[in-house]
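A.B. asks: Below are the sequence and a predicted model for it; my questions follow.
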Amino acid sequence: MAVETIWAGLRPSSIDDAPILGATGIDGLVVANRAPSQRHLLAPVTAAAIEALVAGGAAPPTARPFGLDRFSRAASHGRELEQAETVR
């Protein structure tokens, strides 16, 4: 058989391939993982966002869409869609 694809998975990413920035819910633990294709370009803005979060206690508005909570919002939205489909 021919090799179709090779993937090692050594670099963390997210399901939506967007960076994960912000607090984790564990006291003092903040994450800033890479943005897959723009990691070098986004490094300065990522550093500024994490600095603002750590020093000021809140992520800037530009970083908020990239928090971990977006995955729980997406999951709850998916459940709402499933329920709506069942009602029809």
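C.D. replies: Structure's in. What do you need? All figures in this text were calculated on a predicted structure; none of them were measured in a lab. Numbers count the residues shown, from 1 in each chain.

A.B. asks: all strands for the protein, in order.
C.D. replies: With DSSP state E applied, the chain shows strands at 21-23, 30-32, listed in chain order.

A.B. asks: Give me the packing partners of the first one, helices and strands only.
C.D. replies: This means strand 21-23. For strand 21-23, the helices and strands in contact under the criterion 3 or more CB pairs under 8 Å, 6 or more residues apart in numbering; DSSP states H and E are strand 30-32, helix 39-56. The way it works is simple: take the backbone N, C-alpha and C, and place the C-beta from them, glycine included.

A.B. asks: try it again with 6 Å
C.D. replies: Helices and strands touching strand 21-23, as assessed by 3 or more CB pairs under 6 Å, 6 or more residues apart in numbering; DSSP states H and E, are absent.

A.B. asks: out of the strands of the chain, which comes closest to residue 65?
C.D. replies: Residue 65 lies closest to strand 21-23 among the strands of the chain, at 9.0 Å (CB to CB).

A.B. asks: List the buried residues in that closest one.
C.D. replies: Across strand 21-23, burial judged by 16 or more other CB atoms under 10 Å covers 21-23.

A.B. asks: Tell me how far that strand lies from the chain's centre.
C.D. replies: Computed by CA atoms, centre = their mean, to the nearest Å, the chain-centroid distance of strand 21-23 equals 8 Å.

A.B. asks: same check, this time on stretch 6-19
C.D. replies: 11 Å.

A.B. asks: Then stretch 62-78?
C.D. replies: With CA atoms, centre = their mean as the basis, the distance from the averaged C-alpha position of stretch 62-78 to the chain average is 8 Å.

A.B. asks: And for that stretch, what's in contact with it?
C.D. replies: Applying CB atoms under 6 Å, 6 or more residues apart in numbering, the contact partners of stretch 62-78 are 18-19, 21-22, 49.
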